[in-house]
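>>> Need coordinates for the below:
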Amino acid sequence: MPGTFFKDSLPGKHRATWGPFALLFVCIFVNSLTRSTTHASPTQTAPTQTASPENLESFFPSLQERVKKIPLLKGRTPLTPLSGLEAHFDIQSPGTLLVKRDDLSQDLLGGNKARKLEYLLGEAQTRGARSLITAGMWGSNHALATTVAGRKQGYRVHLHLGPQPVTENVKKKLLAFKALGADLHYHSTSIGLGFAIAKAMLLDALSGGTVFHIPPGGSSPTGSLGYINGYLEMARQLEETQAPLPEQIVVPIGSMGTSAGLLVGSCLAGHFGKVQIIGVGVSDPFLSNEKQTRKSAKQLHQTLESWIGKEDRNRIPACDYMHSQDAFRFVSDQYQPGYGAASPQVLQSIELLKKTEQIQLDPTYSGKAMNWLIEEIARNQASGTPLKKTLFWLTYNSFDLQSVIQDHQWSHPEKPWLDLPSSFHEIFESGRENKKKESIED
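Next up is the predicted model:
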């Protein structure tokens, strides 16, 4: 890989002083310099009928000339009722609560990252990349998915990893990264991680295509195409079963790519304003918020428009991403006590879903989104207001990494972390484990 990445020289106790998503500011700024695109403004009106195409390639055939897709998903993810949760709350109308099980998208590569990586790796292949660089926290699920998919496609994968509360799950992730063949780069502060990302983006721009940078969370216009597909897939599943549309879709918002894709998907499907996307903010509100999410959706729409042919462009609908309250609502009351830290109520909601549905959530993303939904159910029941038909979009990958770790040939089987770069060793040796904070899945 061209160049040598610097390591943090700052002492500290591995606290993210700006929060894990402070690094997004650097990404957005550098990306605006290195990958600017001129976009036209949409002028058509949105269709009124439910769209039948299940993916963008069927919707806009000309897109295949501009965008390559590497198949990673093993098929559709299930769309099922949350009947156990309905029974728990004595909800009398079956099918009021649904869940889109993206946690089952592809085993080790499960969660919401597989959809994004199909297009990101397609772009990397088109550019002739040999190395992938991405970033996240020490226990990043995005880093895991990028490693799994990237190594399978033959890339060298570099992971720049920054601070978060240390738990057993975080330690498992670090060992899994190494076992799966990633090159690990340690950062003790989010600021240092942000500078490393900026350097990675510049290497991407200057490498002639051999180095491909994937933004944190896989959230870019290219990656977010995957969640336009996710929405179209969901719409087709409902159409085939003649089930009514949900009135609202609840999804956690971190790096904003998933929610942006769902918003554009609802626009293309003719559901804009009919189905409200409720984004539950879980990360630094200074950088991940309603305005930025709306801007991300608008940028995604404009980028898609610039990537398709004239005939397809004439059919693309126009949607008011920046102002529509019926199409999008941002919820900010679940962020505290901070990114990666879960309140007792969130932990109770996680246990409730495990008990009623045998579904595992995480305390950083999906647990907080589910907690909002459970609180909304309680509010509606207290006021006598009927609950809206709701779809919960599950983005978490709960695959157990123990088998990956056990199957690897470690130089020191009793202390496998000694095979990691030495800067990571104290994470395992110091005994610093915050049992009140679970792992962060970036």
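
>>> contacts and neighbour counts: CA atoms only from here.
Will do.

>>> How many residues are close by R294?
As a burial measure, R294 scores 23 neighbours (other Cα atoms under 10 Å).

>>> For A341, report the pLDDT, please.
As predicted, A341 sits at a pLDDT of 81.

>>> Equivalent analysis for L108, please.
Note on L108: pLDDT of 73.

>>> just checking, it touches F399?
Yes. Counting by Cα atoms under 8 Å, F399 is a contact partner of L108 at 5.7 Å.

>>> These two: which has the busier surroundings?
Each of L108 and F399 has its neighbours counted (other Cα under 10 Å); L108 has more, 19 against 15.

>>> Please report the distance of that one from S283.
Separation of L108 from S283 (Cα to Cα, to the nearest Å): 24 Å.

>>> got the contact list for the strand or helix carrying M234?
According to DSSP states H and E, M234 maps onto helix 221-240. The contact list for helix 221-240 (Cα atoms under 8 Å, 6 or more residues apart in numbering) reads 50-56, 76, 79, 100, 115-120, 123, 218, 244-245, 257-266, 269, 299-300, 303-304.

>>> so after that helix, what's the next helix or strand?
Note on helix 221-240: by DSSP H and E, the next helix or strand toward the C-terminus is strand 248-253.

>>> Also compute the angle for the helix or strand that that following strand is followed by relative to helix 221-240, please.
Sequence order places helix 257-268 as the next helix or strand after strand 248-253, per DSSP H and E. Orientation check (axes from the mean of the first three to the mean of the last three Cα atoms, to 10 degrees): helix 257-268 against helix 221-240 gives 50 degrees.

>>> From the chain's centroid, how far away is helix 257-268?
On the basis of Cα atoms, centre = their mean, to the nearest Å, helix 257-268 is displaced by 13 Å from the centre of the chain it belongs to.

>>> which residues are contacting that helix?
Contacts of helix 257-268 (Cα under 8 Å, 6+ apart): 46-47, 51, 112, 217-221, 223-232, 251-253, 272, 275, 277, 279, 293-294, 296-297, 300-301, 316-319, 321, 327-328.

>>> Now the residue lying farthest from the centre of the chain, what are its backbone angles?
Computed with Cα atoms, centre = their mean, the residue of the chain farthest from its C-alpha average is G384, at 34.7 Å. Taking degrees, to the nearest 10, you get phi 80, psi 20 for the backbone angles of G384.

>>> Now do the same contact list for it.
Contacts for G384 (Cα under 8 Å, 6+ apart) come out as none.

>>> Equivalent analysis for K368, please.
So K368 contacts 252, 280, 282, 334-335, 342, 346 (Cα under 8 Å, 6+ apart).

>>> ranges for the strands of the chain?
Along the chain, counting by DSSP state E, strands occupy 79-81, 97-101, 131-137, 156-162, 183-186, 211-213, 248-253, 276-281, 328-331, 390-394.

>>> among the contacts of K368, which are in helices?
Residues of the contacts of K368 located in helices (DSSP state H): V346.

>>> I'd assumed M137 was in contact with V170.
No. Counting by Cα under 8 Å, V170 sits too far from M137 to count as a contact (9.1 Å).

>>> So for the two, which sits in the more crowded spot?
Comparing V170 with M137 by other Cα under 10 Å, the one with more neighbours is M137, at 28 against 24.

>>> Please look at that one and L159 and confirm they touch.
No. M137 is beyond contact range of L159, at 9.6 Å (criterion: Cα under 8 Å).

>>> which neighbours do the two share?
Counting by Cα under 8 Å, 6+ apart, M137 and L159 have no contacts in common.

>>> Whichever of the contacts of helix 257-268 count as buried, I'd like them selected in PyMOL; how would that read?
A single PyMOL command selects the buried members of the contacts of helix 257-268 (16 or more other Cα atoms under 10 Å):
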select buried, resi 46+47+51+112+217+218+219+220+221+223+224+225+226+227+228+229+230+231+232+251+252+253+272+275+277+279+293+294+296+297+300+301+316+317+318+319+321+327+328
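
>>> Lowest pLDDT pick from the contacts of K368?
Least confident by pLDDT among the contacts of K368: that is A342, with 89.

>>> Skip the chain neighbours and tell me the closest residue to that residue.
Nearest residue to A342 in three dimensions, chain neighbours excluded: P363, at 5.6 Å (Cα to Cα, 6 or more residues apart in numbering).
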